[in-house]
Structure formats: structure tokens, C-alpha cells
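# next comes the sequence, and after it the predicted model I'd like to discuss.
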Amino acid sequence: MNEIWAYFQAIGIGGFFEIVVLAAAFYYILLFFRGTRGAQVLIGFVVIYASLIGLTMIFNLNVMNWILSRISVLLGVALVIIFQPEIRRALAELGRQKVFGAAAENRTVADTVLQSVLSLAGNRIGALIAIEREIGTRAIQETGVKIDAPLVPQLLTSIFYPHTPLHDGGVIISANRIVAAGCVFPLSQNMDLHHQLGMRHRSAIGLSEETDAVVIVVSEETGTISVCYRGRLSRGLDEERLRRFLTTLLVRGTRKGTAWRRAKQEIELTPKGSAKPDDRSGKEAPGGA
């Protein structure tokens, strides 16, 4: 005990505080990157850099050691460029407003979207619907046509009917209103996605990677309903599972961590970003889903 106490006295209060702060910082960095594409890149980068430092120290490679120490600033810039999507998402998470709509309003949104999606799926009409939560989607809204109309099933359903001007694009819902239609959602750059996923599904994943929006996709080939949230996709949802998922996130989702854990249980998400598909979802065409 005396040795431990002497060790803490040598470190001092300031040193102990620095250790706690650094440990917490590394923990949250690893927690944030866990399960993302950036995790593999980060691990590879750390392994290579640590190996080079180790080799220079073991074999006394002074020139290489000097070069590695001088390019540390450039490596910081490289990390910002490499992990730009993850950093942007982290900043959006930090800067988002902690404002939640009333439970009654959120339930109305969930019920209206559910009714519209079931109608579209029954008629095999393709659809892409994003429900905005805390992170704004103004930049995405500007790629489409501003509507700012009340959220009613008839209007939401009619937007996606074939040959209408706005059917080929995404709809964004915010605060119980249809704010924009015909929007272009960012495509996901995840190379691990299933090759059968079409443009709608990749757009849904892309938007959910950058925001905390709930994105619903209806396949025009099979009428299969899919839901995407935080970069994870679940395909082949029936009415009951879709209802539970929307209720979990929109009505009861006031605590992010608890709601997200419940949502994962509801839709059976897998680490690969795509849940177990049903028999119909396996037949989707690569280009039209």
C-alpha cells in the first residue's frame, strides 16, 4: 500500500486527472468507431504506425525515427481526411438540439407513415421516406422541392405514384409535416452492403449514416418494406414489426440509448448492417429496389 500511495503522490493530482481524461477520451473514441468502416481503418493505421515506431527503436533507425516524428502533424491532417464521415457525424451528434416533439404528435406521425407505407407496399409502389428526428436535414431538403404540407396519408401516398413529378426521389417528414419531396439522399459508400440492394436502399443507408433520421423503403419490385436507422438496414418487415419499430423510436424514444437497444431487438439488426431478409426480399432486383 505504501508503494501505491507513493506512486500516486509522485503522479500528483494533475497527473492523475490527465490519466482519467485521456482514458475516457480513448474509450469514447473506440466506442464511437466500433462497428463502423472507420474502425478497420483506424486499427490498421495504429498497427502500421506502432510497428514502424517499434522497428526504428529496436534497430536504432534514427533517420526513420526523425521522419516519423516530423510527419506527425501531417498524419493528423490525414486522419481528418480519412475519417471525415465519422467526424462529421460526431459533430452533428454533439451539436444537435435536445428537443423532442410531444408524444401525441409523434404517434400521429408513426400512424400516418405506417398507413401510407402499407398502402404503397400493397400496390408495389416504390417509396423512400425519411422521418427527421434531432439532426436537421436542411441540406437534403434543398435537393428536392419544398412542400411544407400537413402529413396526411392521401398526400404522402400520392407523391410516390408512378409518373407523378416527384415520385422518383425521397420525402422528408419533420414535425408532423411533409417538408420536401423529390429529394436526393446521399448514397452509402459501404462496400460491405449486399449486392442485391438497389439505389433506394443505398440512399436510405447513406442518409441514416449522416443523420439520426428513420428512413423507410418500399421496394417497387416486391413490395417489401425495409427500415434503416443509424446505418443499419432491416428488410422484410411486416405491419406489426414496423409499428413496434416506429413506436419505439418516435413515441418512446426520449432516451436514445434505451430506445436504440429496444429498436435493435425489434428489427433484429445484424452487425453487417442488414438484418435477416424474408423470402421475398431475397428476390429483389439489383437495380430497382
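The structure has been received and is ready for your questions. Numbers count the residues shown, from 1 in each chain.

# where in the stretch 151-289 of the chain is pLDDT low?
Regions of the stretch 151-289 of the chain meeting the criterion pLDDT under 70 cover residues 252-289.

# how about a cut-off of 90?
175, 188-198, 209-212, 230-232, 245, 247-289 (pLDDT under 90).

# for it, what spans make up the strands?
Using DSSP state E, counting those that start in this stretch, the strands assigned to the stretch 151-289 of the chain run over residues 170-174, 177-183, 214-218, 225-229, 232-235.

# and the ones you listed: which comes nearest Met64?
The minimum distance between Met64 and those falls on strand 232-235, with 41.9 Å, by Cβ to Cβ. C-beta coordinates here come from the backbone N, C-alpha and C atoms, glycine included.

# show me where the stretch 101-250 of the chain has its helices.
Under the criterion DSSP state H, counting those that start in this stretch, the stretch 101-250 of the chain carries helices at the ranges 103-122, 138-141, 153-159, 199-210, 239-246.

# which ones are touching Val184?
Residues in contact with Val184, defined by Cβ atoms under 8 Å, 6 or more residues apart in numbering, are 140, 143-144, 169-170, 203.

# and for Gly44?
Counting by Cβ under 8 Å, 6+ apart, Gly44 touches no other residue.

# that one belongs to a helix?
Yes: judged by DSSP: H, G, I helix; E, B strand; the rest coil, Gly44 forms part of a helix.

# give me whichever of the helices of the stretch 101-250 of the chain is most buried.
helix 199-210 (a mean of 23; mean count of other Cβ atoms under 10 Å).

# with just CA atoms, put that one into PDB.
Extracted in PDB, the C-alpha atoms of helix 199-210 (Å, rounded to 0.1, in the frame of the first residue of the first chain):
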ATOM      1  CA  MET A 199     -30.500   2.700 -55.200                       C
ATOM      2  CA  ARG A 200     -33.300   3.300 -52.700                       C
ATOM      3  CA  HIS A 201     -31.800   1.100 -50.100                       C
ATOM      4  CA  ARG A 202     -28.300   2.500 -50.500                       C
ATOM      5  CA  SER A 203     -29.800   6.100 -50.300                       C
ATOM      6  CA  ALA A 204     -31.600   5.200 -47.100                       C
ATOM      7  CA  ILE A 205     -28.500   3.800 -45.600                       C
ATOM      8  CA  GLY A 206     -26.500   6.800 -46.700                       C
ATOM      9  CA  LEU A 207     -28.900   9.300 -45.100                       C
ATOM     10  CA  SER A 208     -29.100   7.300 -41.900                       C
ATOM     11  CA  GLU A 209     -25.300   7.300 -41.700                       C
ATOM     12  CA  GLU A 210     -25.100  11.100 -41.700                       C
END
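
# before we move on, back to that, so which of the helices of the stretch 101-250 of the chain gets nearest Gly231?
Proximity to Gly231 (Cβ to Cβ) singles out helix 199-210 among the helices of the stretch 101-250 of the chain, at 4.3 Å.

# run through who's touching that closest one.
Residues outside helix 199-210 that contact it (Cβ under 8 Å, 6+ apart) are 85, 88-89, 92, 126, 128, 130, 135, 137, 140, 170, 184-190, 193, 197, 213-217, 219, 226, 228-233, 235, 273, 287, 289.

# quick one on the thing from earlier: out of the helices of the stretch 101-250 of the chain, which gets nearest to Leu55?
Closest among the helices of the stretch 101-250 of the chain, using Cβ to Cβ: helix 199-210, at 36.5 Å.

# distance from the chain centre to the closest one, please.
Distance, stretch centre to chain centre, for helix 199-210: 8 Å (Cα atoms, centre = their mean, to the nearest Å).

# could you give the angle of that helix to strand 170-174?
40 degrees (axes from the mean of the first three to the mean of the last three Cα atoms, to 10 degrees).
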